[in-house]
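>>> Here's a sequence, model it:
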Amino acid sequence: MADFVGAVDQGTTSSRFMIFDHDGNEVARHQLEHSQVLPRPGWVEHDPVEIWERTNVAMQNAVRRAGIAATDLAAIGITNQRETTVVWDPRTGQPYCNALVWQDTRTDRIAAALERDGHGELIRRRTGLPPATYFSGGKIKWILENVDGVREAAEQGHAVFGTTDSWVLWNLTGGPRGGIHATDVTNASRTMLMDLETLDWDGELLEIFGVPRAMLPVISASSHPEAYGRTRTSRPLRSAVPITGVLGDQQAATVGQVCFGAGEAKNTYGTGNFLLLNTGTRPVRSGHGLITTVCYRFGDQPPVYALEGSIAVTGSAVQWLRDQLRIITDAAEVERLARTVEDSGGVYFVPAFSGLFAPYWRSDARGAIVGLARYHTNGHLARATLEAICYQSRDVVEAMQQDAGVRLDVLKVDGGVTADELCMQTQADILGVPVSRPVVAETTALGAAYAAGLAVGFWRDTDELREHWHESRRWQPQWSDRRRADGYAGWKKAVQRTLDWVDVE
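Numbering: from 1, shown residues only. Prediction:
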């Protein structure tokens, strides 16, 4: 058997390819950023062709850096930014428009109309999701209604939809020359179009959104030896490597953190934050603003579900300090700047750039910095930015505990922001529970690799995967209960200042 497993990690800001050995250790990686297209306030787009080209180069370079041949890869997994929507012509491989990114809020009127027309409860019951700009269904509808020729092309079978996993998979397996048009249950569960119980596209919802069924990919298990075909393009690998795992990025991180038991949870710190709690083989409906989603499905086993708290802006708030305000030159610099002050000095930053996601789901909210006095410095703003990441996570933990009746003993964390030790200490302080980071902090790619490897017997079972998980660092809470309560009360007050800022029809 080949000695390695590869993983495409197609994220919001970059695409990378990582290679892992049998112990789950990283062997090599290559990563390339892609452009963030911001044509209007609230609009966020990516160029799908650029994403595909960057993925190609990342795969080529990672294999070269590892010093291996493509035939040394037992399998490849794909993980991806989830709700981001691509519509393309399967005859040519050309997208009809830029991808609409999960952060994009142009569909706010569509989401509001779904509620106003009485479809909100049906969508929640069938899909586990609230009508919101976040999800793909509204984005497909917007493209069909606003991009010339797409509705007619879709009705003729000349326009297909996919999240970026489907786009990359289709290209890897041949594109216009027989590319496989498929997705997995985790990505399909983010569209507002899939029934959580049947794990299939729902006819009534397709009618409500006006989406032709022929546009949609086949839904498969997250880990399967035959569902996703083999690499067929001359680039990037020049070899037929089986693609046997597909998972949305946050579900992939849950697998990478080996949260295979009901009640186990992880929080990923990336462009946004995503806290998932494994709830077992029965979906738990949320009454406190969380999403019910598919966590994973391995082969023919029953699907495993999760409660998720999705936060739109966390790591991207640090990027905002860098790219828009220019008070730092590198994302890693925010920790040094925040350490120039002892605390935030009463400043709160609520980065509701795309409205507020879980547990509020308020598309009318917009970002606010409150509590400013002449005394405050850029250090206080940097500290408030790190605290905003942590307070938003506490909002989700509070909702999760109410929905599932589970109190966290420890929070497993992963993602790029976990390299910021001040932020992780602040998270432990604000939550009042220990925070644990694994040796492999970039668990999205690892989870995709695990799913792919399980499908071909590279790893025996999930018990073997648990043996590979090791803790790198643990942070213990240091704040007093009084400071924790006062800080959170101030945060809740700040959140209220962001609401009702944008009129949504």
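>>> For the rest of this, base every contact and every neighbour count on C-alpha atoms.
Fine.
>>> Looking at the helix ranked longest in the chain now, give me its mean pLDDT.
Longest helix in the chain by number of residues (criterion: DSSP state H): helix 378-404. Per-region confidence: helix 378-404 scores 94 on mean pLDDT.
>>> quick one: strands adjacent to the following helix or strand past it?
Sequence order places strand 411-414 as the next helix or strand after helix 378-404, per DSSP states H and E. Using DSSP bridges, strand 411-414 pairs in its sheet with strand 265-269 (parallel), strand 435-438 (parallel).
>>> so which of the ones you listed is the most packed in?
The highest mean neighbour count among the strands paired with strand 411-414, using mean count of other CA atoms under 10 Å, belongs to strand 265-269: a mean of 26.
>>> Tell me what angle it forms with helix 378-404.
For strand 265-269 against helix 378-404, the angle by axes from the mean of the first three to the mean of the last three CA atoms, to 10 degrees is 150 degrees.
>>> can you list contacts of strand 265-269?
Contacts to strand 265-269, defined as CA atoms under 8 Å, 6 or more residues apart in numbering, come from residues 250, 253-254, 257, 259, 273-278, 314-315, 411-418.
>>> rerun at 6 Å
Among residues not part of strand 265-269, those counted as contacts by CA atoms under 6 Å, 6 or more residues apart in numbering are Phe274, Leu275, Leu276, Leu277, Lys412, Val413, Asp414, Gly415, Val417.
>>> which two in these are spaced the farthest apart?
Within the contacts of strand 265-269, two members stand farthest from each other by CA to CA: Leu277 and Val417, at 19.9 Å.
>>> The two - which one has more neighbours?
Leu277 (28 against 23; other CA atoms under 10 Å).
>>> any idea whether the more buried one is helix, strand or coil?
What DSSP: H, G, I helix; E, B strand; the rest coil gives for Leu277 is strand.
>>> Would you mind confirming that it makes contact with Ala306?
Yes - proximity of Leu277 to Ala306 meets the contact threshold set by CA atoms under 6 Å, at 5.3 Å.
>>> in the stretch 151-300 of the chain, what spans have low per-residue confidence?
Across the stretch 151-300 of the chain, the ranges flagged by pLDDT under 70 are 234-235.
>>> all helices for it, in order.
Shown for the stretch 151-300 of the chain, the helices assigned by DSSP state H, counting those that start in this stretch span residues 164-172, 185-188, 203-209, 249-256.
>>> Need those helices in a markdown table (columns: mean neighbour count).
What follows is the helices of the stretch 151-300 of the chain, written out as a markdown table (neighbours: other CA atoms under 10 Å):
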| stretch | mean neighbour count |
| --- | --- |
| helix 164-172 | 27 |
| helix 185-188 | 29 |
| helix 203-209 | 15 |
| helix 249-256 | 30 |
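>>> and Ala153, what does it touch?
Ala159.
>>> For it, give its distance to Phe161.
12 Å (CA to CA, to the nearest Å).
>>> Over to Val440?
Val440 sits 33 Å away from Phe161, going by CA to CA.
>>> Name the residue in the two with the higher neighbour count.
Between Val440 and Phe161, counted using other CA under 10 Å, the more crowded position is Phe161 (25 against 21).
>>> mind listing what that one touches?
Contact partners of Phe161, counting by CA under 6 Å, 6+ apart, are Val86, Val87, Met215, Leu216.
>>> rerun at 10 Å
85-90, 95, 136, 140, 154, 167, 181-182, 211, 213-217 (CA atoms under 10 Å, 6 or more residues apart in numbering).
>>> Now do the same for Arg336: helix, strand or coil?
Per three-state DSSP, the local secondary structure of Arg336 is helix.
>>> What is the burial count for it?
Burial measure for Arg336: 15 neighbouring residues, criterion other CA under 10 Å.
>>> I'd say it and Leu386 touch.
No - counting by CA atoms under 10 Å, Arg336 does not reach Leu386; the two are 11.6 Å apart.
>>> so what sits against both of the two?
Counting by CA under 10 Å, 6+ apart, the contacts common to Arg336 and Leu386 are Asp420, Leu422.
>>> Go through stretch 301-312 and flag the buried ones.
Neighbour-count burial for stretch 301-312 flags Pro303, Val304, Tyr305, Ala306, Leu307, Glu308, Gly309, Ser310, Ile311, Ala312 (criterion: 16 or more other CA atoms under 10 Å).
>>> Distance from the chain centre to it, please.
The chain centre lies 11 Å from the centre of stretch 301-312; the measure is CA atoms, centre = their mean, to the nearest Å.
>>> try stretch 36-51
Using CA atoms, centre = their mean, the offset of stretch 36-51 from its chain centre is 17 Å.
>>> begin at 456 from here
Fine by me, first position is 456 from now on; the one you just mentioned is stretch 491-506.
>>> end-to-end on that stretch?
Termini of stretch 491-506 sit 11 Å apart (CA to CA).
>>> Please identify the buried residues of that stretch?
If you call a residue buried by 16+ other CA under 10 Å, then stretch 491-506 has these buried ones: Trp498, Val499, Glu500, His501, Asp502, Pro503, Val504, Ile506.
>>> again with stretch 824-839
Buried residues in stretch 824-839 (16+ other CA under 10 Å): Ile824, Val825, Thr832, Asn833, Gly834, His835, Leu836, Ala837, Arg838, Ala839.
>>> how far away is the residue nearest to the first one when sequence neighbours are not counted from Ala843?
For Ile824, ignoring the flanking residues on the chain, the nearest one in space by CA to CA, 6 or more residues apart in numbering is Phe804 at 4.4 Å. If you measure Phe804 against Ala843 using CA to CA, the figure is 6 Å.
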